[in-house]
Each structure stands twice: as structure tokens, then as C-alpha cells.
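Q: when you get a sec, could you give me coordinates for this:
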Amino acid sequence: MSKNTWLHIGLGSFHRAHQAWYLNELIKQGDDSWTIAAGNIRNDSEHTIEALTAQNGEYVLETVSPRGEREYEVIKSIRKLIPWQADLAPLIEEGAQEAVKVIAFTVTEAGYYLDSNFKLVQTDPALKADLAGGNQTIYGIIAKILKKRMQLENGAVTLLCCDNVRHNGERFHDGLVEFLGLTGQNDIIEWMKNNVTTPNTMVDRIVPRPAEDLPARIQAQTGIADQAPVMGETFIQWVIEDNFKDNVRPALEKVGVELVESVIPYEEAKIRVLNVPHAAIAWMGTLLGELYIHDSTNLETARKIAHDYVTEDVITSLGNDLIDLGKYRDVVLDRFTNPHIKDTNQRVAADGFSKIPAQIQPTLIERFKQGARPAATAKLPALFFVFMERWHEGKLPFAYQDGILDEAAVHAMYESADPVKTFAADQALFGELAGKPEFEALLREQVEEVRKLIA
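A: Residues are numbered from 1 along each chain as shown. You can find the predicted model right below:
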């Protein structure tokens, strides 16, 4: 059977517990027509690459249900590991192979460098470097790959964003076109019109950073000495807009992937009902002294914040036409209480400066337009404000991680005469609501509410 290659950029735990699992399911069914090649833009996971290379790309996935039922499976779908080097030449070379028909990527929300108007943040150092010819971002690397693919007899390819960015395929496409325009590569823009598709997707599985005792547990249960295992919850979902270039794709529908005409309803539900409460619970749980998501979700205060936000504002904004959002909310909150996953608040609390504009701002704007005063949603950026105040004071119990954090600007905000006013006026965070008196008043009120809840 002829082999097609699925190149994945961003070889982290999520990819290995999600997309690689689906491709492995196809291989188990006897369809080995697709295999994965994978590598990274950043030099922060070479230990994983080296471990996987020594294991011929194979590793064990442990899944665990909220009731503690554990299952173990060897994943064999990653057949080529691409070592990192400063110019990313091996990754570019792989992307330029004609056998590569899909290039997918998980680079986190912050990795798309988009402001609240979905334009590139050109002042970001990594993006600045790429605009000058570098390859530190997804745009820089994809531009170089497409330049080479233009020389192929058939370089047509699907570019598949697998991150929690609303309308992710469209946003990535527009960001890439803007990047190409800024770098004078209009020939690639023209070529893309007939040779590239960028479907929207929705991905879902809670995948924490692997626990320290995971290798020992896997060896005890399976006898396998795995140096690069991953773990995740039992639940898994993948919804993809069925818009692969020339319809060249794995038979993903045979292994439970939903190929649909429009991802938007699923995407909106997942971002607003899962991703946003997840972050809110992490922020609140941390403020109340917890370190893990399951412990934080079991706090009545944190759970109520998440429940009220969905009930009062999300359901009103989205309606229940296609998905029962109330039922989905309850399933999600139950998933968060899984004590066996041991997902950390540190992981989930990350990238707040990207999450607020991408995931929370739309609900705020919609509710204001509906004539509401969305206190339940405003409580979420208020939580983040108090959370980052702790960061400013050096009192967080862990290092806060954020791809677009401007440390000097955030410290300056908290040292200003009126930090809440400065925060509420931040257009990058709040878009058209920034600086509006009614929004500032609501946010100020909610910051005080949060302070009372954690007192």
C-alpha cells in the first residue's frame, strides 16, 4: 500500500495522546497507508525526540477514567522523528517531500501571535525575527516549506491547525497570508489559492504533563520500560471540517473522527464550555491554595464560578439548538474532577493573555450587545487580574507560563495609580469593550467580588 505522510509540528504530549492515537487506530485496523513524521520548532523537547528515536517512535499511552480505570496501549503511528537544529532544515526538508499530504500543528494559542482583531502582533520578538527571515514561529516555518513545495510536480497540501483558536483554520490562513504579504512572498499567496486548504478543527482530550511516576507505573503494569510515555483521560473527540486538499486524507471517519461541513458549533461549545471554565478553575483554585485541577473543581466556589458563567451567559449566547450545553457543561465539570489525571493548575492557567481575547472576549461582547450585564463572564478576567497580581507580587506557587507575556508592562500596570482601569482599557484583551465606562465598572465590581471570595 502506498504511504502518505502526516507531518506534525509540535511533538508534545497532546499530539501523542490525540492525533497520533487516531492514526494508530487506523493502523490497528490494517490501514497503514498513513504514518506520522514529527518535529518541533523550539529546542525544548529534544529529550523526548531522543527517547522516542531509541524506541523506534513507539511509546505507551495510559488513559484513566474518573473512576480510576486505567488502560495501556502502545502507539506506533509516529514512524519518523525529526531532530531539531537551529535552521530547522530537517523539518523544512521533510515538509517539502511530495509524500507529505497533511501538515498539522499544535503550537498553543499563543503560537499564532494574533491580536483581538486577528492581525499579527508584529512587535513580538519571535514574529519580528521571522519577518526578517527567521523560523521561530509556525508562519516562518510553513512559509519556507511552501516555498519548496511550489517546486514539486504536485505540492498540494492540507495545513491543519489543531489548537484551541476559534475558527482556527481560517485564523491561521489569514495570519499566514498576512505574514507572506509582509515578507513580500506574494507568489506563495497566489500558489496557495489552488494548492492549499486550511480546514477548521476542534480537538478535545485532557492531557496533563506526564507524572513523574508514570514510567514506573507503566513498567509495573506492562513490563515495558518506556522513557517517553504519555497519559490522558479516557474521553477523546476530534471534529474536522471535511476540506482536505483533493480529498487526500486518512480514513479518519473509521476511527471515530467526525468529518463535518462546519466545525463552528462544536468549536464554540468546546472553547466556551470546556476551555474557559478550565482556565477559570485553574486561576481560582490557585488563589485558594490548590495545585491541581481536580482539587480546584471540587471547591464549591470555583465550580460555581464555572457553572454560573456557562449557565448565565454561554447558553444565552449560543442557544441549545445543536448541542445540549447544560448537559455538556455537567459532563465537562465531571471530567475536571478526575483525581487520577492530576492535571496541574500551572498547565491550565497558562497563556491567559491569549485566552482572554480569543475565548472570553466574544461572550462578553455578545452579552453586552444583548443588553445584559454579564457579571458571570466578567468574573473570569477579574480572576485573572487577581491571579496576575499574585504573580506581580511573586506569590504564585509556581512559575506562570505565557507565550506573549510582557513582564515589564504587567508589572507597570500593577504599579500604576489605578491598575483595574489600566487592565479594563487594554484593547488587546477586551477589543471594543476596552475603556468603556460600563465595562470598567463591571470589571471593578467583579475584582472586588473575587477579593472577597479568596479573603
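
Q: pLDDT at Glu448, what is it?
A: We have a pLDDT of 98 for Glu448.

Q: how does the protein divide into domains?
A: Domains of the chain are assigned by automatic domain parsing as 4-260, 264-454.

Q: dump those domains to TSV, plus mean neighbour count.
A: (Glycine included, C-beta is placed from N, CA and C.) Converted to TSV, the domains of the chain look like this (neighbours: other Cβ atoms under 10 Å):
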stretch	mean neighbour count
domain 4-260	18
domain 264-454	19
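
Q: in the stretch 251-400 of the chain, which spans are helices?
A: Assigned by DSSP state H, counting those that start in this stretch, the helices in the stretch 251-400 of the chain fall at 264-270, 276-287, 293-297, 300-309, 315-318, 325-336, 345-349, 352-355, 361-369, 375-392.

Q: just checking, what packs against the third one?
A: For helix 293-297, the contact count by 3 or more Cβ pairs under 8 Å, 6 or more residues apart in numbering; DSSP states H and E identifies helix 276-287, helix 300-309, helix 325-336, helix 345-349 as packing neighbours.

Q: one more: the first one?
A: Identification of packing neighbours for helix 264-270 by 3+ Cβ pairs under 8 Å, 6+ apart yields strand 201-204, helix 315-318.

Q: do that again at 10 Å, thanks
A: With contacts defined as 3 or more Cβ pairs under 10 Å, 6 or more residues apart in numbering; DSSP states H and E, helix 264-270 has these neighbours: strand 201-204, strand 237-241, helix 315-318, helix 325-336.

Q: export the helices of the stretch 251-400 of the chain to a markdown table and tack on mean pLDDT?
A: Supplementary listing: the helices of the stretch 251-400 of the chain in a markdown table, determined by pLDDT from 0 to 100:
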| stretch | mean pLDDT |
| --- | --- |
| helix 264-270 | 90 |
| helix 276-287 | 98 |
| helix 293-297 | 97 |
| helix 300-309 | 98 |
| helix 315-318 | 91 |
| helix 325-336 | 94 |
| helix 345-349 | 96 |
| helix 352-355 | 94 |
| helix 361-369 | 96 |
| helix 375-392 | 98 |
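
Q: right, so of those, which gets closest to Thr234?
A: Closest to Thr234 of the helices of the stretch 251-400 of the chain is helix 325-336 (Cβ to Cβ; 9.1 Å).

Q: so how far is the closest one from its chain's centroid?
A: How far helix 325-336 lies from its chain's middle: 19 Å, per Cα atoms, centre = their mean, to the nearest Å.

Q: just stretch 217-228 next, same as before
A: For stretch 217-228, the separation from the chain centroid amounts to 28 Å (computed by Cα atoms, centre = their mean).

Q: got the contact list for that stretch?
A: For stretch 217-228, the surrounding residues in contact (Cβ atoms under 10 Å, 6 or more residues apart in numbering) are 11, 13, 16, 45, 47-55, 57-62, 70-74, 210-211, 213-216, 229, 231.

Q: mind redoing it with 8 Å?
A: By Cβ atoms under 8 Å, 6 or more residues apart in numbering, the list of residues contacting stretch 217-228 from outside reads 48, 51-52, 54-55, 59-60, 62, 70, 72, 74, 215, 229.

Q: picking that back up, looking at the helices and strands packed on helix 293-297, which is closest to Glu389?
A: For Glu389, the closest of the helices and strands packed on helix 293-297 is helix 276-287, at 9.6 Å, according to Cβ to Cβ.

Q: can you state the direction angle for that closest one and helix 361-369?
A: 100 degrees (axes from the mean of the first three to the mean of the last three Cα atoms, to 10 degrees).

Q: tabulate the helices and strands packed on helix 293-297 (JSON lines), appending distance to Ser317.
A: JSON lines is the format used below for the helices and strands packed on helix 293-297 (distance: least, Cβ to Cβ, whole Å):
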{"stretch": "helix 276-287", "distance to Ser317": "12"}
{"stretch": "helix 300-309", "distance to Ser317": "11"}
{"stretch": "helix 325-336", "distance to Ser317": "10"}
{"stretch": "helix 345-349", "distance to Ser317": "23"}
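
Q: tell me where this structure is predicted with low confidence.
A: Along the chain, the model assigns pLDDT under 70 to residues 1-2, 320-321.

Q: for it, just list every one of the strands.
A: For the chain, strands defined by DSSP state E occupy the ranges 4-9, 34-39, 59-64, 70-75, 78-81, 100-105, 157-161, 196-197, 201-204, 230-233, 237-241, 258-260.

Q: run through the neighbouring helices and strands of the last one.
A: Helices and strands touching strand 258-260, as assessed by 3+ Cβ pairs under 8 Å, 6+ apart, comprise strand 237-241.

Q: the strand it packs on pairs with which strands?
A: Counting by DSSP bridges, the strands paired with strand 237-241 are strand 201-204 (antiparallel), strand 258-260 (parallel).

Q: of the helices of the stretch 251-400 of the chain, which is nearest Glu438?
A: With respect to Glu438, and counting by Cβ to Cβ, the nearest of these is helix 361-369 at 7.7 Å.

Q: can you tell which of the helices and strands packed on helix 264-270 is closest to Ala455?
A: Among these, helix 325-336 comes nearest to Ala455, with 24.6 Å by Cβ to Cβ.

Q: give me the angle between that closest one and helix 300-309.
A: Going by the same axes, to 10 degrees, helix 325-336 makes 150 degrees with helix 300-309.

Q: for Leu333, see how far away Ser354 is.
A: 23 Å (Cβ to Cβ, to the nearest Å).

Q: got a list of contacts for stretch 57-74?
A: Stretch 57-74 is contacted by residues 16-17, 21, 24, 52, 75-76, 78-81, 214, 217-218, 221-222, 224, 226, 228-234, 334-335, 337-341 when judged by Cβ under 8 Å, 6+ apart.

Q: just the CA trace of stretch 56-63, in PDB.
A: Extracted in PDB, the C-alpha atoms of stretch 56-63 (Å, rounded to 0.1, in the frame of the first residue of the first chain):
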ATOM      1  CA  ASN A  56      11.600   3.400  17.100                       C
ATOM      2  CA  GLY A  57       8.900   6.000  17.700                       C
ATOM      3  CA  GLU A  58       6.900   3.800  19.900                       C
ATOM      4  CA  TYR A  59       5.500   4.700  23.400                       C
ATOM      5  CA  VAL A  60       2.800   3.800  25.800                       C
ATOM      6  CA  LEU A  61      -0.300   5.800  26.300                       C
ATOM      7  CA  GLU A  62      -2.000   5.400  29.700                       C
ATOM      8  CA  THR A  63      -5.700   6.500  29.800                       C
END
